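In: What follows is a protein structure lacking sequence information:
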DNA sequence: TTGAAAGCGCTAACAG
DNA sequence: CTGTTAGCGCTTTCAA
């Protein structure tokens, strides 16, 4: 007895075909259709051919949702980011546009703000690659505005596991969601220690060690005493870790921690520009150690406007290893994070947890690399 | 009579909670639970509170798949890319890494290959933003290797609509999939005309006009006669369009088309490097017009190794408007595509089609912008 | 090798 | 305002 009595032998035009339609057309049961798609070798060749033909004729594409529901797993991994830098745009009509060209002299635009999220892009790329390699689809969600929690909750419902970047959602939601599926936290190094929701897995980079090595180069290698730190947002665990590295380097060099002034940025270029401009109104330090690359770019903007040269007048360092740092004038000394690898590692961690739910909580710590470039060069060529 | 008689009043430990569990705990029916989640105002306050409490207590997250199945729509839009540049990596153990730092002198590395897919990254970002703004989740898939079709088919089954970049999958699969859900083709300008699978929507940029304007600048503006074109892959519709623009510009300037030599690249930096190196073994043209920015970077690599200066000895132009072009030495003259906008427009097109399946096929054509920078400067300052 | 039947977890009429 | 009842399209025993 057909479960769908309304379905006769002929597929109703306009409805998307289902297993039933294929089964009808191939004169087999829906079970056989399913087998042809999942375990072809379990079906006699002739039957298989018939089914496949029906699939083609009907334009049948199996419903991933039904599959997921019946199979009790989605085959999807979710990746959640914090807000993009308010990337919002107005509604532009997308009508059959006319095309067109404008020619502009782009020489004097200086270094206009580069696209905001290189960092996430790279993480995403790594995650994407790894997910597909492992046979999972990847769903991305940049939580924007107050709806972040809602969005993440939504994504959680569609995935087998989740990778969430630091500071994307409230701890509350994180805990809630983690009860239902494996959640891996990314780049939230400072919290790997303790106050994390129960036994979440965790992947991060060695912020502190990276910053420590970098600052060691500045104070011990180059012998700089007059350093200013351009900090990140107060609530950033990453920044906190980097500050720890900074202090550790000062201690190791026998310097007074208080000797290093901090100015507050928020990881964004323009904010750092403003902050450093303010600083320069008072004094010009020998070195600006910035919490991230974007900030370093902003710092260089400010220095340039003041007519100060890098590295001759002021050393500048960043953190992240954005590609753009290789092309700035001068190239930017920085600490390179393995961003794509971070994405990869996160997906691996999710998959591992899926495979063995009972395994001990993982806390992977990826190594970083200090890249000495002209903005704060190696010792052998100080200039 | 309960549909799930096995479910008593107590949620079985270890099973992910469902509507039934929540309903039990709140002493309501599953319908009420569903209402609380979807149309809260349709439920009495007291009841609602109880249900919400149960949701929290149980750690309930609704199954997106069940929702999609019952609601006959997924709320997901898929975005499919062609292969990344063989970004494959070996399995590295992701164990509880030890962290670490390496310090390297990065000054002489020259312009090492920058990350490969800036272009897609930007498109992706635009698509992601627009999708969420419209209330859709975004699923990404970079079809790698021969499994591309499989992957796309898989994604198709999970989405309400699909945006597919040119050359990602076979036409056959495209047609097949398009029978089931709306498919928007991206950046496949050359085919907007005719041989597309029936009535697919289409979003692209004005490749031809952009290249024509750029080359007009080179031949008419700067008066260059000796031009070599560094082409893209032979099967790239985008490259084909750009070549059309090139020829149009030559025609307009009254030049012989045959006067412009073509060397074959494939959009990748290293390939262009090799091709141009070969070319330079024979002769040094006054201008190298490259099919895309990556190729232009490769061309500049080759020129640099030969000790040739840009723009003094050779003009170089790219196409795409990658951010990195603003930071190269010299900055790269190029045609900027609105990449993020391309992603946005694609998602808008999918949503539009979903909203009105009967609408006439859309073929949006986004405007481009010629950015004259030092590698091939404006006329008023030739050097 | 194939078919019948029982769900997967949720939404959406339709009653009450 | 709330409960009952069909499915949504597929996978998966269990039999035949």
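Out: Yep, it's here. Here the structure is a predicted model, which is why all the values come from computation and not from measurement.

In: May I ask which helix or strand encompasses residue A:229?
Out: strand A:227-231 (DSSP states H and E).

In: Could you please name the strands that strand pairs with and the direction of each pair?
Out: Neighbouring strands of strand A:227-231 in its sheet, by DSSP bridges, are strand A:261-264 (parallel), strand A:287-290 (parallel).

In: what's the following helix or strand after that strand?
Out: According to DSSP H and E, the helix or strand after strand A:227-231 is helix A:237-252.

In: State the number of residues packed around residue A:262.
Out: 14 (other CB atoms under 10 Å in any protein chain shown). Backbone N, C-alpha and C define where each C-beta goes, glycine included.

In: returning to what we had before: out of the strands paired with strand A:227-231, deepest packed?
Out: Neighbour counts (mean count of other CB atoms under 10 Å in any protein chain shown) averaged over each of the strands paired with strand A:227-231 peak at strand A:287-290, with a mean of 28.

In: average pLDDT for it?
Out: Across strand A:287-290, the average pLDDT comes to 98.

In: which helices and strands sit right next to the helix or strand just after it?
Out: Per DSSP H and E, the first helix or strand lying C-terminal to strand A:287-290 is helix A:293-305. In terms of contacts (3 or more CB pairs under 8 Å, 6 or more residues apart in numbering or on different chains; DSSP states H and E), helix A:293-305 is packed against strand A:227-231, helix A:269-282, strand A:287-290, strand A:315-317.

In: quick one: which of those is nearest DNA strand C?
Out: Proximity to DNA strand C, assessed across those by CB to the nearest atom of the strand, is greatest for helix A:269-282 (41.1 Å).

In: For residue A:172, report the pLDDT, please.
Out: 89.

In: sec struct for it, please.
Out: helix (DSSP: H, G, I helix; E, B strand; the rest coil).

In: Could you confirm residue A:266 falls within a helix?
Out: No - if the criterion is three-state DSSP, then residue A:266 is coil and not within a helix.

In: Where does pLDDT dip in the stretch 1-150 of chain A?
Out: For the stretch 1-150 of chain A, applying pLDDT under 70 flags the ranges A:1-14, A:83-99, A:108-118, A:145.

In: Which stretches in it count as strands?
Out: A:76-81, A:101-105, A:137-142 (DSSP state E, counting those that start in this stretch).

In: how about the second one, does it reach chain B?
Out: Yes - Strand A:101-105 lies in contact with chain B when judged by CB under 8 Å from any CB of the partner chain; the contacting residues are A:101-105.

In: Show the pLDDT at the residue in the stretch 151-300 of chain A positioned nearest to DNA strand C.
Out: Here the stretch 151-300 of chain A gets closest to DNA strand C at one residue, residue A:157, 7.3 Å apart by CB to the nearest atom of the strand. If you check residue A:157, the pLDDT there is 95.

In: Ok, the one 3 residues further on next?
Out: Reading off the confidence values, residue A:160 has pLDDT 96.

In: and if you look at the one 5 residues further on?
Out: Note for residue A:165: predicted pLDDT of 88.

In: so who does it touch?
Out: A:80-82, A:120, A:123, A:185-188 (CB atoms under 8 Å, 6 or more residues apart in numbering or on different chains).

In: now the strands paired with strand A:227-231 as TSV including distance to residue A:177?
Out: Formatted as TSV, the strands paired with strand A:227-231 follow (distance: least, CB to CB, whole Å):
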stretch	distance to residue A:177
strand A:261-264	32
strand A:287-290	34
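
In: Now these in CSV, please, with extra columns for distance to DNA strand C.
Out: CSV is the format used below for those (distance: least, CB to the nearest atom of the strand, whole Å):
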stretch, distance to DNA strand C
strand A:261-264, 44
strand A:287-290, 46
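
In: how about these, which one is nearest DNA strand D?
Out: Across the strands paired with strand A:227-231, closest to DNA strand D is strand A:261-264 (CB to the nearest atom of the strand), at 49.1 Å.

In: So what's the residue count around residue A:173?
Out: Using other CB under 10 Å, residue A:173 is surrounded by 20 other residues.

In: ok, for it, nearest residue in space, not its chain neighbours?
Out: Once flanking residues are discounted, residue A:173 sits nearest to residue A:149: 4.5 Å by CB to CB, 6 or more residues apart in numbering or on different chains.

In: circling back to that earlier point, got a winner among the residues of strand A:101-105 next to chain B for most neighbours?
Out: residue A:101 (19 neighbours).

In: partner residues bridging that one?
Out: Beta-bridge partners for residue A:101, by DSSP bridges, are residue B:368.

In: Please report the distance of it from residue B:324.
Out: From residue A:101 over to residue B:324 the distance is 22 Å, taken as CB to CB, to the nearest Å.

In: same thing with residue A:175?
Out: Distance from residue A:175 to residue B:324, counting by CB to CB: 41 Å.

In: okay, the two: which has more neighbours?
Out: Remark: of residue A:175 and residue B:324, residue B:324 carries more neighbours, 23 against 15, as counted by other CB under 10 Å.

In: Need the nearest residue in space to residue A:57, chain neighbours excluded.
Out: Nearest residue to residue A:57 in three dimensions, chain neighbours excluded: residue A:25, at 6.7 Å (CB to CB, 6+ apart).

In: Could you list the domains of chain A?
Out: Listed by automatic domain parsing, the domain ranges of chain A are A:1-52, A:74-84+A:115-204+A:342-367, A:207-338.

In: I'd like those as a markdown table, with distance to residue B:362 appended.
Out: Formatted as a markdown table, those follow (distance: least, CB to CB, whole Å):
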| stretch | distance to residue B:362 |
| --- | --- |
| domain A:1-52 | 21 |
| domain A:74-84+A:115-204+A:342-367 | 25 |
| domain A:207-338 | 35 |
